[in-house]
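Peer 1: I would like the atomic coordinates for the input below:
(one chain, ligands or ions: 2)
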Amino acid sequence: MTKLSKDVFATGAAALSVEAAVDLIMARVPAIEATEMVGLFAAEGRVLAQTLAAAVDLPPFDNSAVDGYAARWSDLAKDGETKLPVAGRIAAGHTLDQAAPEHAALRIFTGAPVPEGFDTIFMQEDCSLLDDGQVLLPPGLAKGANLRPRGEELAKGAQALPAGRRLMPEDIGLAAALGVTEFKVRRRLKAAIFSTGDEIVSPGMALPVAAVYDANRFMLHAMLQRLGVEVEDLGILPDDRGLITTALGEAAKSYDLVVTSGGVSMGEEDHVKAALEAEGSLAFWKLAIKPGRPVAMGILHGTPFIGLPGNPVAVFVCFAALVRPLIAALNGATAEPLRRQKVVSGFAFTKKPGRREYLRVSLRTDAKGEAVAEKYAVQGSGALTSLTRTRGLVELREETTEIAPGDRLDFIDFALMR
Ligand code: AMP
Ligand code: MG
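Peer 2: Ligands and ions are numbered 1, 2, ... in the order given. Prediction:
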């Protein structure tokens, strides 16, 4: 396992911007180098460890894109219809069982190989088969129409997929189309997760006075799993500095990443930051983000550590902003920035400058067909329903202070955050 030096993140900055934190992570966190081979059925979401080159041309031979008739462009009348005898028939998976005749058309079907010299294919809907067995071809087709030339998509040897790509279903389809049976991918990351807090109780237990059920561990588990991480649930730690220090130190020795929630504020019962400082080193603590500040990021025995805030919405937002890029870095994957789309504000809002803020919004379509974001009424960082009852986040940049109805806003759809 790659071990990071304690001062790999050292910045000295007070409250770090989200951008600076992500840059720091992408620049300083090396990928876990180990790789393994996985078959096509097991490759979804895995990170490609080497460039995949096309071992064959794609498509592998000139073939027809339609059901119809193939002809030589040089046989076609330039100013009207063309009548040609139909001299053969080629179905997909078969070749012409004779030499391609001169001055003739061929009946051909989608995916069937196009014989040398035939370069233009007419859709059957546009042709008429005459009683004498000839076919009437309409004018106006360009040379090469409806023909998929060999190697048109990828020539043999060309790059099909770049190293670092998180394999999507369509990538797997492309690789299979090239005859690939397995990929060299990064081994799965192993992350340990903890919740912290004397008040936190696991679902399934009785709920004592002053306690709340643990939401974060389960949400974090699911979010990490979606990113292809192997997650180990290490339970709930009480607000006890000694216990937290020991538990985090131990976990850091066996995992690629340790993630906690809670216990990173300035309260006397917030021990995670102190534990990190005792066992490892703190990279940054104050992140200029709402909801979310503070987040304790650092190195524990050479392993990256992120102490997320306790409030569940802050966990969700900081995961998207920080944990996603951290996992990309550890995976040697190309960073996938959150995809933002422009929407129209349906609300007014005043914001403090100097920090990035994420509002939970629903979307509606106005009379002009434009997407309008409406701010959810409850924006508390503890309110999980502000995530379950909305469509996504509006991202307000550091310099923004005022939002008026009609302003253009950056919207991040929950469906595109995974
Ligand atoms: P803390 O950051 O530890 O001060 O926690 C901030 C708030 O988040 C408190 O109201 C906690 O009770 C709550 N909280 C902390 N951890 C969790 C958790 N795992 N699940 C649900 N709420 C939590
Ligand atoms: Mg706490």
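
Peer 1: make it CA atoms for all contacts and neighbour counts henceforth
Peer 2: Fine.

Peer 1: which strand residues bridge Gly307?
Peer 2: Under DSSP bridges, the beta-bridge partners of Gly307 are Thr260, Ala296.

Peer 1: who's in contact with it?
Peer 2: Contacts for Gly307 (CA atoms under 8 Å, 6 or more residues apart in numbering) come out as 259-264, 272-273, 295-297.

Peer 1: which of the residues you listed are close to ligand 1?
Peer 2: By CA under 6 Å from any ligand atom, the members of these lying near ligand 1 are 261-264.

Peer 1: most neighbours, which of those residues?
Peer 2: Within the ones next to ligand 1 among the contacts of Gly307, Gly263 tops the neighbour count with 30 neighbours, counted by other CA atoms under 10 Å.

Peer 1: find the nearest non-adjacent residue to the residue in the stretch 201-350 of the chain that ligand 2 sits nearest to, please.
Peer 2: Ligand 2 sits closest to Gly263 of the stretch 201-350 of the chain, with a gap of 4.3 Å, by CA to the ion. Closest residue to Gly263 apart from its sequence neighbours, by CA to CA, 6 or more residues apart in numbering: Asp270 at 3.9 Å.

Peer 1: hmm, that neighbour is touching Val264, no?
Peer 2: Yes - here Asp270 reaches Val264: they are 5.3 Å apart, a contact under CA atoms under 8 Å.

Peer 1: what about Arg46, distance to Met26?
Peer 2: From Arg46 across to Met26, the span is 19 Å (CA to CA, to the nearest Å).

Peer 1: contact residues of this structure facing ligand 2?
Peer 2: Contact residues (CA under 5 Å from the ion) of the chain with ligand 2: 197, 262-263.

Peer 1: among the residues you listed, which one sits closest to Gln379?
Peer 2: Gly262 (19.0 Å; CA to CA).

Peer 1: list the contacts of that closest one.
Peer 2: By CA under 8 Å, 6+ apart, the neighbours of Gly262 are 195-197, 270, 272, 307-311.

Peer 1: neighbour-wise, which of those residues leads?
Peer 2: For the contacts of Gly262, the largest number of neighbours (other CA under 10 Å) sits with Leu308, at 32 neighbours.

Peer 1: check contacts around it.
Peer 2: 259-262, 264, 292, 294-296, 314-315, 318.

Peer 1: so what touches the helix ranked longest in the chain?
Peer 2: As assigned by DSSP state H, the longest helix anywhere in the chain is helix 241-254. Helix 241-254 is contacted from outside by 192, 237-238, 258, 271-272, 274-276, 278-279, 300-305, using CA under 8 Å, 6+ apart.

Peer 1: let's see which of those end up in helices.
Peer 2: Filtering the contacts of helix 241-254 for helices - DSSP H - leaves 272, 274-276, 278-279.

Peer 1: tabulate the residues you listed (a markdown table), appending pLDDT.
Peer 2: Below are these laid out as a markdown table (pLDDT from 0 to 100):
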| residue | pLDDT |
| --- | --- |
| Val272 | 96 |
| Ala274 | 94 |
| Ala275 | 95 |
| Leu276 | 95 |
| Ala278 | 93 |
| Glu279 | 92 |
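
Peer 1: can you pull out the low-pLDDT segments for the stretch 101-250 of the chain?
Peer 2: Across the stretch 101-250 of the chain, not a single residue meets the criterion (pLDDT under 70).
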